[in-house]
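> just a sequence and a predicted model for now, questions to come.
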Amino acid sequence: MTKMMNDMAVKPTGDVDRDFVAMMNPHHQGAIDMAVIELRYGKNEQLRRIAQEIIVDQMQEIAAMKLAIGEPATDTAPAPTQPASAPVATVHHHSGMQMDMPAGMKK
């Protein structure tokens, strides 16, 4: 959460559209990061399905926003829930996924 909030603290450039995308990308990436934790450690199947939908929806929104301001929408990297050896086209705002786990959660 701290990373997401820090990444959302964008200095305004005067281009409201670009500033919007610059602030929304980390917001959406934070939702993806939380959903990945649910998929890795959660037991509730209903919440796991919701987490899967969040990942897909938020990645699509990141791609659409980037395209809207003329930035490339995708790169080639594993999806957040895929092993690194299975490359697929995905959208990532941050390189890598470093997440602080809440106390009591083990990797």
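Everything's here; your move. Numbers count the residues shown, from 1 in each chain.
> for K11, give me phi and psi.
K11 adopts backbone torsions of phi -70, psi 130, taken as degrees, to the nearest 10.
> begin at 192 from here
Sure, I'll start numbering at 192, so the last one becomes K202.
> that one: neighbouring residues, count only.
Other residues near K202 number 6, with proximity taken as other Cβ atoms under 10 Å. (Each C-beta comes from the backbone N, C-alpha and C, glycine too.)
> give the contact list for it.
If a contact means Cβ atoms under 8 Å, 6 or more residues apart in numbering, then K202 has no contacts.
> which ones are touching Q237?
Residues in contact with Q237, defined by Cβ under 8 Å, 6+ apart, are absent; none qualify.
> now name the helix or strand holding it.
Here Q237 is covered by helix 236-259, with elements defined by DSSP states H and E.
> mind exporting that helix as PDB, just the C-alpha atoms?
Below are the C-alpha coordinates for helix 236-259, written out as PDB (Å, rounded to 0.1, in the frame of the first residue of the first chain):
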ATOM      1  CA  GLU A 236     -12.900 -19.500  -3.800                       C
ATOM      2  CA  GLN A 237     -15.300 -16.600  -4.400                       C
ATOM      3  CA  LEU A 238     -12.600 -14.000  -3.400                       C
ATOM      4  CA  ARG A 239     -10.100 -15.900  -5.600                       C
ATOM      5  CA  ARG A 240     -12.400 -15.500  -8.600                       C
ATOM      6  CA  ILE A 241     -12.900 -11.800  -7.800                       C
ATOM      7  CA  ALA A 242      -9.100 -11.400  -7.600                       C
ATOM      8  CA  GLN A 243      -8.700 -13.100 -11.000                       C
ATOM      9  CA  GLU A 244     -11.200 -10.600 -12.500                       C
ATOM     10  CA  ILE A 245      -9.400  -7.700 -10.800                       C
ATOM     11  CA  ILE A 246      -6.100  -8.700 -12.400                       C
ATOM     12  CA  VAL A 247      -7.600  -8.900 -15.900                       C
ATOM     13  CA  ASP A 248      -9.700  -5.800 -15.600                       C
ATOM     14  CA  GLN A 249      -7.000  -3.600 -14.100                       C
ATOM     15  CA  MET A 250      -4.400  -4.700 -16.700                       C
ATOM     16  CA  GLN A 251      -6.900  -3.900 -19.500                       C
ATOM     17  CA  GLU A 252      -7.500  -0.500 -18.000                       C
ATOM     18  CA  ILE A 253      -3.800   0.300 -17.700                       C
ATOM     19  CA  ALA A 254      -3.300  -0.700 -21.300                       C
ATOM     20  CA  ALA A 255      -6.300   1.400 -22.400                       C
ATOM     21  CA  MET A 256      -5.000   4.500 -20.500                       C
ATOM     22  CA  LYS A 257      -1.500   4.100 -21.900                       C
ATOM     23  CA  LEU A 258      -2.900   3.800 -25.500                       C
ATOM     24  CA  ALA A 259      -5.100   6.900 -24.900                       C
END
